[in-house]
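> quick one, what's the 3D model for this:
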Amino acid sequence: MKRLILASASPRRRELLRQAGFTFEVVAPEVDETYPGGEDPAAFAERLALAKAAQIAQRFTAKDDVVVLGADTVVVADGEVLGKPVSADDARAMLRKLSGIAHRVITGVALAAPGAARRAVGHEVTRVFFRPLTEEEITAYVATGEPLDKAGAYAAQGRAARFVTRVEGCYFNVVGLPVALVDRLLRDWNRD
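From the prediction side, this is the model:
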């Protein structure tokens, strides 16, 4: 079995992989996650996930026998891609957009081996429904600091759980890593 390397600084992704029984190491990549506009959100999430995995895979050689897992999550509300907020004001603006509507959470997942030869990508889409939020709720939530490093400015597994009325699709995708998709990609990878 190849060594699994998680190319992510996200504690949520680490915890989800751990809970699912994966053994892995963590090496954080440095990839610009700025959405350029005009790109399909799923393609963008897959592209960033692959960039993260490939960047870390370059640190190894074929004899290291590793596979690197990268992931990137975006939130899409009314056609607008919401990444991580750049400030508290940005987080408040994102939460106002999500208030009372359904939106999509898209996570791109990629596997990469050392060298350029082997890659695998996929993505998961989940619909999340928010109840209407008051300005006071938004301000109080942003003041906790929780939304500042999350795509769409919220953590469904955290204090924002009170905002979510329904989830259609993979809940773990909303937390940051669609574990079933990761498992399928790794099983396919190990079969080849």
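> where are the low-confidence patches of the protein?
Applying pLDDT under 70 to the chain picks out residues 1, 116.
> most centrally placed residue in it?
Nearest to the mean C-alpha position of the chain, by Cα atoms, centre = their mean, lies T73 at 2.9 Å.
> now do the contacts for that residue.
By Cβ atoms under 8 Å, 6 or more residues apart in numbering, the contact set of T73 is 45, 105-108, 151, 173, 176. Backbone N, C-alpha and C define where each C-beta goes, glycine included.
> for H123, same thing?
Taking Cβ under 8 Å, 6+ apart as the test, what H123 contacts is 42, 45-46, 49, 106-109, 181.
> for it, helix, strand, or coil?
Per DSSP: H, G, I helix; E, B strand; the rest coil, the local secondary structure of H123 is strand.
> how close does it sit to D78?
As judged by Cβ to Cβ, to the nearest Å, H123 and D78 stand 20 Å apart.
> same question, A49
From A49 to D78 the distance is 24 Å (Cβ to Cβ).
> who has more neighbours, the two?
A49 (27 against 9; other Cβ atoms under 10 Å).
> so the more buried one touches V74, yeah?
No: the pair A49 / V74 is not scored as a contact, 10.6 Å apart, by Cβ atoms under 8 Å.
> need the residues touching each of these two.
The contact sets of A49 and V74 overlap at T107 (Cβ under 8 Å, 6+ apart).
> which element is the nearest residue to L50 once chain neighbours are set aside on?
Using Cβ to Cβ, 6 or more residues apart in numbering and skipping residues adjacent in sequence, the residue nearest L50 is A110, 3.9 Å away. Taking DSSP states H and E as the definition, A110 sits inside strand 102-112.
> what angle sits between the helix ranked longest in the chain and strand 102-112?
What stands out as the longest helix in the chain, according to DSSP state H, is helix 41-57. Here the directions of helix 41-57 and strand 102-112 differ by 30 degrees (axes from the mean of the first three to the mean of the last three Cα atoms, to 10 degrees).
> kindly provide the distance from the residue of the chain positioned farthest from its centre to P114.
Using Cα atoms, centre = their mean, the residue of the chain lying farthest from its centre is K63. It sits 29.3 Å away. K63 is 9 Å from P114, where distance means Cβ to Cβ.
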